[in-house]
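Enquirer: fold the following and give me the result.
(2 chains)
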Amino acid sequence: MNKDSISLRIFRSFLSVGIFLFFAMLYWSSEIIEEKIIEIESDLAAIKNDVLVLRHEAEKNHRDEKNEQQPPLSKQQITTLHSHMNSSLPNILVEDPFYTATLPRLLGDNFKPHGNLQQATIGKPANLHPFSNWANVSTWHEQCSVAVAEMQFGKYETFAPGMALKMEMRYDEASRITEYWVFLRDDVYWEPLSLDMFSEPIALAPHFLQRHKVTAADFKFYFDALVNPYVQEPGAVALRSYLSSLVDIVVIDELTFVARWKTEEITEADGTLAHQAKYISKQMTGGLRPLAAFVYQYFPNGKKIINNDAASDTYKTSSVWAQNFSQHWARNIIPSCGPWIFESMSDREIRFKRNTEFYNPLAVLVEGSVEFFKEGPESIWQDFRANKLNVYTLQPEQKIELANFLSSAQYKEQEHDGDAIRRIDFVARSYAYIGWNQAKPFFKSKKVRQALTLAIDRERIINQFLNGLGVAINGPFYPYSPDYDNSIQPWPYNLETARQLLQQEGWYDSNGKGIIDKMIEGASTSFEFSLTYYVKNPTTKAIAEYISTSLKELNIICNLNGVDIADLSSTFDEKSFDAILLGWSLGTPPEDLRQIWSSEGAEEKGSSNAVGFKNRKVDEIIRQLDYTFDLPERKLLYRQFNRIIYDECPYTFLYAPKTIMLYRSYLQNVWIPAERQDLVPGANVAEPVSGIFWITKHG
Amino acid sequence: MVNYLIWRLTLLPITLFFIVLVNFIIINMAPGDPTTVTEISQDGLASRKENRSVAFGSNDRYLQFREFYGLTLPIIFNTWPWLSEKDVHQKLASLISKHNADDVGKEMSVKEYDNLRITLGDQSRFIMPILLKILSDSLENIDMRRMASRFFARGGTHQAILGPDLTPAQHLYNKKIDSENFLLNSLVFSSTDSKEEITKKTKSLEEWYRTNSPVYEFNPDYKKKLFLLFFETRLWKYLSRVATLNFGTLRNDSNKTVVTEVTSRFKYSLTLALLPMIITFFLCQIFGFLMAYQQNRPADYILNITFLILYAIPVFVVAPFLIELAINRDFPFTNTPIPYSGFASPDLVYSHETSAQRLFDIMQHIFLPLIAIIYGSLAAQARLSRTAVLEVLRQDYIRTAKAKGVPPFQIMWKHVGRNAGITIITSIAGSLGVVLGGSLIVETLFEINGFGKFFYDAVINRDYNVIMFSALAGSFLSLIGFLAADIAYTLLDPRVTLE
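Expert: So this is what the prediction gives:
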């Protein structure tokens, strides 16, 4: 077979072993070199970081030396800085005692921010455009930015100093314009951009690698961008309608601007005429944010998008800038000047770090924050169980899974290591309802709608279909909102009264067919309607089926019409349903009643008033709320409204769902402000506030 | 042979053209628009944000986006310049009354209304003379004139040339359209305008039209119209881009081109397609031999039944099960936790690893996905391999070899193994396509950012560029594959010629 000589064979085997060893050595040495290179790389990165820190500190020292005489800005200094300030006018902004006294006391003297917040969201945003319609993107922009005024901790409709130190309200008699004079801090800067922020290589002009002061011009730029008709990002379009009566923003100097609001002529209670801006003007002015002019007005090469932008309305009107803005090169980063600094975004996660130089050192109590992009709740739940996430919002149907996990050996081990799971329940800002289309003859009468409400056992829905995770409500407000009228009890479950009400309205079984009927326009009409609901959500489906069954008790036929998203949306817009099972997400106070309850939208297709609700008194309340500034008076109006809605039953309010938030025990300060009146007197925020979370050394 | 090749290669672009054509029509005809937004969210109950009111009737919502991606043009033939004054008049009237002209009783649905509004908006630049005539006709109904002025402004609005480093001429153009767009926008008749104001605005619009009509060719002659019929269409614009190998950008991010995104995902999908194939090939040979050798004995039965069960379990059951098993567990005998998502460690860790560590890192991460991909095909192929081996064992040449006194191992290795292998290779190679397509589930569950998921998301998001690219690239590869197969036949089998 093999005719080679033995020596040749030995030589050959030696040779192959030798070659193999040679390659192995070669690989080994390259491996060692690679290790060294990586070491050097990370050393370099560390050095670079140190240099940056040193530079920052040097700059800071330099600045401190400059204003050494008075470490924090005194009143006098503010006035010299802001020569336009009128000291006789009161400051709308009130210092928040929570951050000056309560929180430092809670944290103790030796507190140092530590650890990373780790959360997950479902899906990855398309981009980080400042006016994206992704709710998460606007939240991220907000946490990397500053507002003119902040809400006092845990209290809605309050104004604490934010980017502004003082906000004055003036009235210009000649032009009948209400002016808010805003005086800004001078110690807030846009962080320099860095190449690490971008996922693709990009050449940046030195202009972007420097710090830029946040000035009044940035606020004007924000407003201009919002009202530019050619900016069509959904976020801007939505906000624009609220800013329609903000006439202009005038920059007085680097740190002062004036927001000028249109006024309307209104008749006061005593019959005199007065001019007043809308109530929302205060809130909207306080909510103004800066938009990074040093980024969004430029190309990456440092040239301006609009060469000659000296005219004050350039960014308000330019379509060329607007187009470049919507395709902007920086739309996958967030220029930061707020308590958080945007670090990077990849396909898997977005990272933020704490801004160590932020004027409120307690605005963020952890070192960093990561949000992972996940496919769905299932993979988020997996990561939470594996202790890769700090918090998780439990779905109602997962209660059993949670119980199983808590009794597993894996969890016992985690618990032993000090990573126990804690739970906090709170009512979510949304509610589920059935809307009765008032264009249909059945639902025209309020007694019928009341009867239908009485015939649906909402307690049972909560207990049976939501695992108890919900609360009954009496109207369209968040149950913990100051405007919610606690004196009104939700409609009880009472079939007998329901039957009586229907009979009073002429609905009874006249022909013994087992379905109640009534003569409408000369024809005998049976009470048979269809209930439209979202078929892919099992909870919704179960509730719809239950409602159909329970209405049978009243001899009413409720046909089920389960549809998918697209059909649900168009049915809603077309107002082509009889009754619809849906939900609303709620905003924060002040509640906006116009969108859903104003009769303006009752006939219009596509409006949010899909049930066609019309009530003159409610229209009057909506109008009054626009111009009423006095909080107790507003509360009274809201309660009147609440009472009318309760009585009219345009919707049957089913429940406000409860959220279960799970978190690991090393996460601290997880509490609901409204429940801790001892710490925050007058608080009405009923959800945990992630801004004050901190992590123990262990986590 | 050469003639045949030339013939096939000339057919290739023609075939591709028709594939593109069919795909293009289907995609563009499919209901829904890339800009369709539903305000009722997927999770059912919780829906519209109360404090984010929706802007109704905003005439050109998403116009920019549609312009940018060329979606404002008709799909194959552009007949818009031929629209008659009567048509336009009727459309404007329906927009005002919200009723269809032929169906007086019933109000238009929101969708119909929006479609009409958007289409007329897209058409407006081709019907500028008609719109001008309507808006300047003082005998016309004022609502009609107002509506016409809106569409006139829309038709006159142009898109800027984007990006830095523009030439002075482009700068000038941008400046011109910037002021024009603003001018036109301010000349739209508003409901509060007095008669004098409207007359004044009409004059300005006429003036603007007179000076700009030659520039923008608002009133094309017949030859020009014929040109527009074929070349001012979505299809032509797309084809002319593809001809220069420009496959466009992602719909979400114009900074990312389709080609770079696909290549960046290539490594994931290739690993998850080829590696399982190789592993399956070797494992199924081993099991096939084992079962054939132990035919009708307990080992054969047990393996056979196990594979039958594995074959019957779908991957979407196995994958979550594997994940469930892996959470909070380590690899046996080590302290390394079993990763259950991603293709590698987070970038922060991964970038500090040496190449050997990276390889090891990836191997750990794809451990579970590989199992999820392999088990099914292994079960099928092992049973096939068993049959193949048994069949070869019955052949005459095996008996001859045995009689000749060849050692059993050599028979197995040289005679049986090779011949049985051919069957398996044919079968596995045929499943290549299935592996690529089927990895969507695995990619989704293990959060690996590969092809399957990329193309799936594109379909869901109606990312036309990506869908078209996948169709185009897929068909191109198949065509090339068929050609290669044909050539391979002639090389393998001398009896086949391609003349």
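Enquirer: please identify which helix or strand holds A:Glu371.
Expert: Counting by DSSP states H and E, the secondary-structure element that holds A:Glu371 is strand A:368-374.
Enquirer: pLDDT below threshold where in chain B?
Expert: Low-confidence regions of chain B, defined by pLDDT under 70, span residues B:31-65, B:99-105, B:429-438, B:489, B:492-493, B:496, B:498-499.
Enquirer: next up, the contacts around residue 147.
Expert: Defaulting to chain A. Remark: with contacts taken as Cβ atoms under 8 Å, 6 or more residues apart in numbering or on different chains, A:Ala147 is in contact with A:162-163, A:286-289. Placement of C-beta: from N, CA and C, glycine included.
Enquirer: switch to chain B, please.
Expert: For B:Met147, the set of contacting residues under the criterion of Cβ under 8 Å, 6+ apart consists of B:92, B:95-96.
Enquirer: who wins on neighbours among those residues?
Expert: Of those, B:Leu92 is surrounded by the most neighbours, 26 neighbours in total, counting by other Cβ atoms under 10 Å in any protein chain shown.
Enquirer: ok, that one to B:Asn181 distance?
Expert: 22 Å (Cβ to Cβ, to the nearest Å).
Enquirer: ditto for B:Met147
Expert: According to Cβ to Cβ, B:Met147 and B:Asn181 sit 19 Å apart.
Enquirer: report the contact partners of A:Gln210.
Expert: Applying Cβ under 8 Å, 6+ apart, we find A:Gln210 in contact with A:Pro192.
Enquirer: tell me the pLDDT at it?
Expert: Predicted confidence (pLDDT) for A:Gln210: 87.
Enquirer: neighbours around residue 362, how many?
Expert: Assuming you mean chain A. A:Leu362 is surrounded by 19 other residues when neighbours are defined as other Cβ under 10 Å.
Enquirer: look at chain B instead
Expert: The tally of other residues near B:Ile362 (other Cβ under 10 Å) stands at 20.
Enquirer: need the nearest residue in space to it, chain neighbours excluded.
Expert: Of all residues beyond its chain neighbours, the one nearest B:Ile362 is B:Ala344 (5.3 Å), with distances taken as Cβ to Cβ, 6 or more residues apart in numbering or on different chains.
Enquirer: torsion angles phi and psi at the one you found?
Expert: phi -150, psi 180 (degrees, to the nearest 10).
Enquirer: that one touches B:Met363, doesn't it?
Expert: No - shown here, B:Ala344 and B:Met363 do not form a contact pair, counting by Cβ atoms under 8 Å, at 9.9 Å.
Enquirer: of these two, who's got more company?
Expert: B:Ala344 (18 against 12).
Enquirer: residue contacts, that one?
Expert: When contacts are counted by Cβ under 8 Å, 6+ apart, B:Ala344 touches B:350, B:358, B:361-362, B:365.
Enquirer: columns secondary structure and distance to A:His416 on top of these, output as CSV?
Expert: Written out in CSV, the entries for the contacts of B:Ala344 read as follows (DSSP: H, G, I helix; E, B strand; the rest coil; distance: Cβ to Cβ, whole Å):
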residue, secondary structure, distance to A:His416
B:Tyr350, helix, 31
B:Arg358, helix, 34
B:Asp361, helix, 29
B:Ile362, helix, 33
B:His365, helix, 28
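Enquirer: how close does the closest residue to A:Ser138 other than its chain neighbours get to A:Ala225?
Expert: Taking Cβ to Cβ, 6+ apart, and ignoring the residues beside it in sequence, A:Ser138 has A:Gly235 as its nearest neighbour in space, at 6.2 Å. Counting by Cβ to Cβ, the gap from A:Gly235 to A:Ala225 is 11 Å.
Enquirer: buried set for stretch B:85-97?
Expert: Within stretch B:85-97, the residues scored as buried using 16 or more other Cβ atoms under 10 Å in any protein chain shown are B:88-89, B:91-95.
Enquirer: so of those residues, which ones are in helices?
Expert: In helices, judged by DSSP state H, the following of the buried residues of stretch B:85-97 are found: B:88-89, B:91-95.
Enquirer: TSV please, covering those and showing distance to B:Tyr173.
Expert: Conversion of these to TSV gives the following (distance: Cβ to Cβ, whole Å):
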residue	distance to B:Tyr173
B:Val88	29
B:His89	33
B:Lys91	31
B:Leu92	31
B:Ala93	36
B:Ser94	36
B:Leu95	32
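Enquirer: between those residues, which is nearest A:Asn467?
Expert: Using Cβ to Cβ, B:Leu95 comes nearest to A:Asn467 of those, at 49.6 Å.
Enquirer: contacts for the helix or strand that contains A:Gln382?
Expert: A:Gln382 belongs to helix A:377-385 when elements are defined using DSSP H and E. Counting by Cβ under 8 Å, 6+ apart, the neighbours of helix A:377-385 from elsewhere in the structure are A:120, A:122, A:372, A:374, A:389, A:391-392, A:395, A:398, A:401, A:405, A:410-411, A:662, B:320, B:323, B:327-328, B:340-341, B:445, B:447.
Enquirer: switch the cut-off to 10 Å
Expert: Among residues not part of helix A:377-385, those counted as contacts by Cβ atoms under 10 Å, 6 or more residues apart in numbering or on different chains are A:118-122, A:372, A:374, A:388-395, A:398, A:401-402, A:405, A:408, A:410-411, A:414, A:421, A:662-664, B:43, B:320, B:323-324, B:326-328, B:340-341, B:444-447.
Enquirer: the stretch 201-350 of chain A: strands as residue ranges?
Expert: Remark: strands of the stretch 201-350 of chain A, listed N- to C-terminal, are A:212-213, A:246-253, A:256-262, A:264-267, A:273-276, A:340-345, A:349-354; assignment by DSSP state E, counting those that start in this stretch.
Enquirer: could I get these as a markdown table with distance to chain B and mean neighbour count?
Expert: What follows is the strands of the stretch 201-350 of chain A, written out as a markdown table (distance: least, Cβ to the nearest Cβ, whole Å; neighbours: other Cβ atoms under 10 Å in any protein chain shown):
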| stretch | distance to chain B | mean neighbour count |
| --- | --- | --- |
| strand A:212-213 | 20 | 18 |
| strand A:246-253 | 15 | 18 |
| strand A:256-262 | 15 | 22 |
| strand A:264-267 | 16 | 12 |
| strand A:273-276 | 20 | 14 |
| strand A:340-345 | 8 | 21 |
| strand A:349-354 | 7 | 21 |
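Enquirer: in stretch B:20-29, what's buried?
Expert: Under 16+ other Cβ under 10 Å, the buried positions of stretch B:20-29 are B:20, B:23-24, B:28.
Enquirer: what's the following helix or strand past the helix holding A:Gln382 packed up against?
Expert: Counting by DSSP H and E, the next helix or strand C-terminal to helix A:377-385 is strand A:391-394. The elements that strand A:391-394 packs onto, with contact taken as 3 or more Cβ pairs under 10 Å, 6 or more residues apart in numbering or on different chains; DSSP states H and E, are strand A:116-122, helix A:377-385, helix A:399-406, strand A:421-427, strand A:651-664.
Enquirer: for B:Ala160, find the nearest of the ones you listed.
Expert: Comparing the helices and strands packed on strand A:391-394 by their distance to B:Ala160 (Cβ to Cβ), the top pick is strand A:116-122, with 34.2 Å.
Enquirer: heading C-terminal from the closest one, find the next helix or strand.
Expert: Sequence order places helix A:135-143 as the next helix or strand after strand A:116-122, per DSSP H and E.
Enquirer: what are the buried residues along that next one?
Expert: Burial within helix A:135-143, assessed by neighbour count using 16+ other Cβ under 10 Å, is assigned to A:136-138, A:140-141, A:143.
Enquirer: next structured bit after that helix?
Expert: Later in the chain than helix A:135-143, the nearest helix or strand by DSSP H and E is strand A:149-150.
Enquirer: enumerate every residue touching the residue in the stretch 201-350 of chain B that chain A sits nearest to.
Expert: Taking Cβ to the nearest Cβ, chain A has its nearest neighbour within the stretch 201-350 of chain B at B:Asn252, 3.5 Å off. Contact criterion Cβ under 10 Å, 6+ apart gives A:124-127, A:331-332, B:457, B:461, B:463 as the residues in contact with B:Asn252.
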